[in-house]
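[1] from the sequence below, what's the structure:
(one chain, ligands or ions: 1)
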Amino acid sequence: MSSPGSLSEPAMKILIHQTRALATDCAASLIAARLNRQPDTVLGLATGGTMEMVYADLIARHRAGKVSFAQATSFNLDEYVGLAGTHRCSYRHYMREKLFDHVDMDPARAFLPQGDAPDAEVEAARYEAAIAAAGDIGLQLLGLGLNGHIGFNEPTSSLSSLTRIKTLTRSTREANARFFDDPKDVPRLAITMGIGTILRAQEVVLLAYGAEKADVVARMIEGPVAAACPASALQMHRKVTIVLDEAAASALELRDYYEQVHPRVENASS
Ligand code: GLP
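    Okay, the predicted model is just below:
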């Protein structure tokens, strides 16, 4: 039985760091530690601006001989419907450019949904089955959408959903327009792991940075579990670490409590 306050209690672990750089180092350390402990981990990978920093950190660790992906398998959360993996704005292209081409990951074990599959629904079902056949995700990395989405599970997604096609909200298409030449080019549909798929992961690490995420971070951690904020479903998971910078943590009511339970290493050592 665990003692009161034991860090092994199932709970959301909230880690608040002074800067994005420190938060990124923390997240990369968690991933590297998992791979070092279990080299054949099934990783669940994410895209977006926040992840770029994490992947750059992991590449540096790999080059320094501190982490290997050689035996790992990965499944990305999502992909735009209609984009071939060779398309500059596809998530497969993002992953090659930001991570896969720079580490020793076996390309034959780095999976994403096929955005240009002839039948997206069939592809979604195939992808879900492939994740299950791999034994589900060991460590799932997540970013957080401004509207509370994880993967492309937009608000009102079923909290038990599996991999499927989702229509993107206007706010998500606007947020992601910066990656496209013309905002009109942002696809309207995506194939995404479901919330139920994500909740089956053994361990989840979610990152959110910046003041613009502060409100949605508070809804995810302290709000009700509700499909209106899909990330709030993580409150139901037994092993979640939320890694934040100061700005993203600024709307949390119980912030003092989180810092009391998990004091910042950079504070503790100063
Ligand atoms: C996209 C991805 C999400 C990601 C989100 C946040 O919408 N599908 O998985 O979490 O972007 O991105 P950013 O880190 O750029 O804020």
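[2] contacts, neighbours, all on C-alpha from now
    OK.
[3] assumed residue 15 was part of a strand.
    Yes - according to DSSP: H, G, I helix; E, B strand; the rest coil, residue 15 belongs to a strand.
[4] so it versus the ligand, what's the distance?
    Remark: distance between residue 15 and the ligand (C-alpha to the nearest ligand atom, to the nearest Å) = 17 Å.
[5] which residue is the nearest non-sequential neighbour of that residue?
    Using C-alpha to C-alpha, 6 or more residues apart in numbering and skipping residues adjacent in sequence, the residue nearest residue 15 is residue 243, 5.0 Å away.
[6] get me the contact residues on the chain for the ligand.
    With C-alpha under 6 Å from any ligand atom as the criterion, the chain meets the ligand at residues 46-51, 142-145, 150-152.
[7] try 5 Å this time
    Residues of the chain found near the ligand (C-alpha under 5 Å from any ligand atom) are 48-50, 143-145, 151-152.
[8] restricted to helices, list the residues you listed.
    Cross-referencing the residues of the chain next to the ligand against helices under DSSP state H gives 49-50.
[9] can you select the buried ones among the residues of the chain next to the ligand for me in PyMOL?
    The buried residues among these can be selected in PyMOL (16 or more other C-alpha atoms under 10 Å) with this line:
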select buried, resi 48+50+143+144+145+151+152
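[10] turn the residues of the chain next to the ligand into CSV, columns for pLDDT and distance to residue 112.
    Shown next, in CSV, are those (pLDDT from 0 to 100; distance: C-alpha to C-alpha, whole Å):
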residue, pLDDT, distance to residue 112
48, 94, 15
49, 94, 18
50, 96, 19
143, 98, 16
144, 98, 19
145, 96, 19
151, 98, 12
152, 97, 13
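[11] for the strand or helix carrying residue 35, buried residues please.
    In the assignment (DSSP states H and E), residue 35 maps to helix 20-37. Across helix 20-37, burial judged by 16+ other C-alpha under 10 Å covers 20, 22-29, 31-32, 34-35.
[12] using CSV, write out every CA atom in the next helix or strand after that helix.
    Using DSSP H and E, the next helix or strand after helix 20-37 towards the C-terminus is strand 42-45. Output of strand 42-45 as CSV, limited to C-alpha atoms (Å, rounded to 0.1, in the frame of the first residue of the first chain):
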residue,chain,number,x,y,z
VAL,A,42,5.9,1.6,-28.4
LEU,A,43,5.9,5.4,-28.5
GLY,A,44,2.9,7.5,-29.4
LEU,A,45,4.2,10.7,-31.1
